[in-house]
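Trainee: What shape does this take:
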Amino acid sequence: MWTLFPVVDRELRTAARRSKTHWVRLAAATAAFVVSAWIALWVAKTQTPVTAGRWLFSCLTILAFGYCLLVGPFITADSISEEKREGTLGLLFLTELRSYDVVLGKWLANSLAGFYGLLAILPALGIPLLMGGVTAGEYVRTALAVVNAILFSLTAGMFVSTLSRDQSKAILGSAVAILGVSGLIPGLAAVFSSGLFTRPLPSPLPAALMSPAYTGYLASERAYATAPGAFWVSLGFVCGMSCLCMGLTAIWLPRLWRESPEEKPIAHRWLWRLGYTAGWRATYKRRLETNPVYAVAARLRWPHWVFWALVSLVAVNVYWLTHGYRTNTGASAFHTYFSHGLVFTNRVWLCVMACRFWLEARRTGALELILTSPMPARTLLRGHWRALWLLFAGPVAMIALLHIFYIGENWRLAAQRGPFSHGLLQQYAFSAGSSLLNFVTDVFAICWLGAWLSLALRRPTFAILKTFAWVVLGPWTLGVVFPNLSSLLPVKVMTYLNTSTILRTLGGGMVGYSMVFRTLGWVGKNVLIILWARGRLRRHLRSAAAQTHEWEFGARFRRRRSRPHVSWTVPHAVAGESRILS
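Mentor: Numbers count the residues shown, from 1 in each chain. The predicted structure follows:
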């Protein structure tokens, strides 16, 4: 036991010196402050204090659970896999340390920033107690569920980090595990337990008791009054899974760190090989001769399987939108959470694959070898884009077909009920078209911005997180907040926006709530990101890879000031004479 404290002390001192520890706490506190100010200053003007307090508590609860479930893949998922890649994990086991000493020390150090961010949100979560609408018991239960959620997220990330050596696989695996347990697995269980939404859902749903998000739902006053024991059972399940992840990590770590980083022998069955057949290896050799970047970036087969698995979940979601909600209207709230979890999972996966090649090239030193070749920057980018096209083209096309199926099937079902309204068809077309257009532009924006941040950032470990935040998380948050800011506009401006014939023809009159204007804003954001990142990559790819940061503002001025002024001499023809030129 005494060997534990030196490890924890060293890791905590190292974590306290990291800027990430302080920036995560500041970002979480800023987000909680913005949400609280938005509710208190604008939304509360037209509502009673009790309703505003309830609304504020709901928004802060969603913020807290979103933060807790997403912080694990980006904080602890690469904690042990990084040590395995660098070969320093075995040095720790040469001492008197045991596996639980190493696991607990690494977990405490990497989880410190996450817990600091949660501590910044929890005081804001208590503000609705003063406004009314929230009881003290509901606040305590929600706080317990939030703390339980971050424990599960951080321990699951640590467990996946033990099983993986690659950074992108560790982040992706932990994200899939956390979001899958939180929403996808309960969602699929709801689909099949209800007979494809032909029967009402049981309450509480047994398969959902393992979900940290469902624990937060059971903590609400209405759900707790209906089934008080279900909350404590779900809380115990999630806490047990956290302890199980830590126990398995401590047990498997001494065995897994000895594994060789070389590739394992290929199995004889095609399904186990995930497509690594002789034809695939021949294709890899041909690509290697034409464009090495394309060959190396597209050599893996498992990402294709993961993407098609996500497409199958999108198909389940589209089926519910066309058939499920007609027979089971009570599952709409559950489906909303399932859809949001699916959207965020898809975007995280896109960010991981967009950044993966350049991050691995920087880590292994292959980027320097690529830069020494005579290939121009356009050829390098073209090879990377061909690999991304090979990975994304088929699934994106299938998702487009699912959107077309959504329009046609709703049209057919609506025509069976009676006279068909062209306005309803227009609504279906606008809904599916805006969703597809947002998704396609998201793919392009994530690919360009992820490639640039993977090369340009001084700390490449934040490339995936920043890509996700700039393209998806930040704009989505603004999209939720911005429509309610319409109350700040003058009365004359609001009257013009509501009565203008041009705006009514384009988007129905209300700019904030119009689907057309939301789609135009989202697509415009993606276009700006694409143009900015594409221009930076084409002009500064080699300087970004060399980490010279010549594209930054004032870089030339700083370089000119830091250049030493050295006097040099030029010899004259006459021996022994020289003139100093300064």
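
Trainee: State whether residue 94 is indeed within a helix.
Mentor: No. Counting by DSSP: H, G, I helix; E, B strand; the rest coil, residue 94 falls outside a helix, being coil.

Trainee: tell me the pLDDT at it?
Mentor: Residue 94 is assigned 70 on the pLDDT scale.

Trainee: Residue 239 too?
Mentor: 92.

Trainee: And what about residue 373, helix, strand or coil?
Mentor: coil.

Trainee: Report how many residues lie close to it.
Mentor: Around residue 373 there are 11 other residues, counting by other C-beta atoms under 10 Å. C-betas here are computed from N, CA, C, even on glycine.

Trainee: ok, for it, nearest residue in space, not its chain neighbours?
Mentor: residue 292 (7.9 Å; C-beta to C-beta, 6 or more residues apart in numbering).

Trainee: per-residue pLDDT, the one you found?
Mentor: 83.

Trainee: Tell me how many other residues surround it.
Mentor: Neighbours of residue 292 using other C-beta under 10 Å come to 18.

Trainee: Where does pLDDT dip in the stretch 1-150 of the chain?
Mentor: Applying pLDDT under 70 to the stretch 1-150 of the chain flags the ranges 1-8, 11, 43-46, 92.

Trainee: now the helices for it?
Mentor: 4-16, 19-41, 49-75, 79-86, 89-92, 99-125, 127-131, 136-163 (DSSP state H, counting those that start in this stretch).

Trainee: just checking, what packs against the longest helix anywhere in the chain?
Mentor: Criterion DSSP state H: the longest helix present in the chain is helix 377-417. In terms of contacts (3 or more C-beta pairs under 8 Å, 6 or more residues apart in numbering; DSSP states H and E), helix 377-417 is packed against helix 292-297, helix 302-319, helix 332-364, helix 422-456, helix 515-545.

Trainee: Quick check: which helices or strands does the fourth one pack against?
Mentor: So the one you mean is helix 422-456. The contact analysis (3+ C-beta pairs under 8 Å, 6+ apart) places helix 422-456 against helix 332-364, helix 377-417, helix 463-468, helix 515-545.

Trainee: ok, of these, where does mean pLDDT dip lowest?
Mentor: Among the helices and strands packed on helix 422-456, helix 332-364 scores lowest, with a mean of 79.

Trainee: and the angle from that one to helix 79-86?
Mentor: Calculated by axes from the mean of the first three to the mean of the last three C-alpha atoms, to 10 degrees, helix 332-364 forms an angle of 20 degrees with helix 79-86.

Trainee: how far away is the residue nearest the centre of the chain from residue 93?
Mentor: Nearest to the geometric centre of the chain sits residue 348, at 3.8 Å (C-alpha atoms, centre = their mean). For residue 348, the distance to residue 93 equals 33 Å [C-beta to C-beta, to the nearest Å].

Trainee: Then residue 188?
Mentor: Distance from residue 188 to residue 93, by C-beta to C-beta: 40 Å.

Trainee: what's the closest of the helices of the stretch 1-150 of the chain to residue 172?
Mentor: Closest approach to residue 172 among the helices of the stretch 1-150 of the chain (C-beta to C-beta): helix 49-75, 7.9 Å.

Trainee: Which elements pack onto that closest one?
Mentor: With 3+ C-beta pairs under 8 Å, 6+ apart as the test, helix 49-75 has helix 19-41, helix 99-125, helix 127-131, helix 136-163, helix 167-179, helix 212-218 packed against it.

Trainee: if we can go back for a sec, what sits against the residue nearest to the centre of the chain?
Mentor: Counting by C-beta atoms under 8 Å, 6 or more residues apart in numbering, residue 348 makes contact with 73, 172, 175, 179, 464, 468.

Trainee: Select, out of the helices and strands packed on helix 377-417, the one closest to residue 89.
Mentor: Closest to residue 89 of those is helix 332-364 (C-beta to C-beta; 16.0 Å).

Trainee: how about that closest one: buried residues?
Mentor: Neighbour-count burial for helix 332-364 flags 334-335, 337-339, 341-363 (criterion: 16 or more other C-beta atoms under 10 Å).

Trainee: In the record's domain split, what are the boundaries for this protein?
Mentor: Under the assignment automatic domain parsing, the domains of the chain span 1-258, 292-582.

Trainee: Tabulate these in TSV, adding columns for distance to residue 281.
Mentor: Output for the domains of the chain, formatted as TSV (distance: least, C-beta to C-beta, whole Å):
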stretch	distance to residue 281
domain 1-258	20
domain 292-582	9
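
Trainee: Out of these, which gets nearest to residue 286?
Mentor: Comparison of the domains of the chain against residue 286 by C-beta to C-beta identifies domain 292-582 as nearest, at 8.2 Å.
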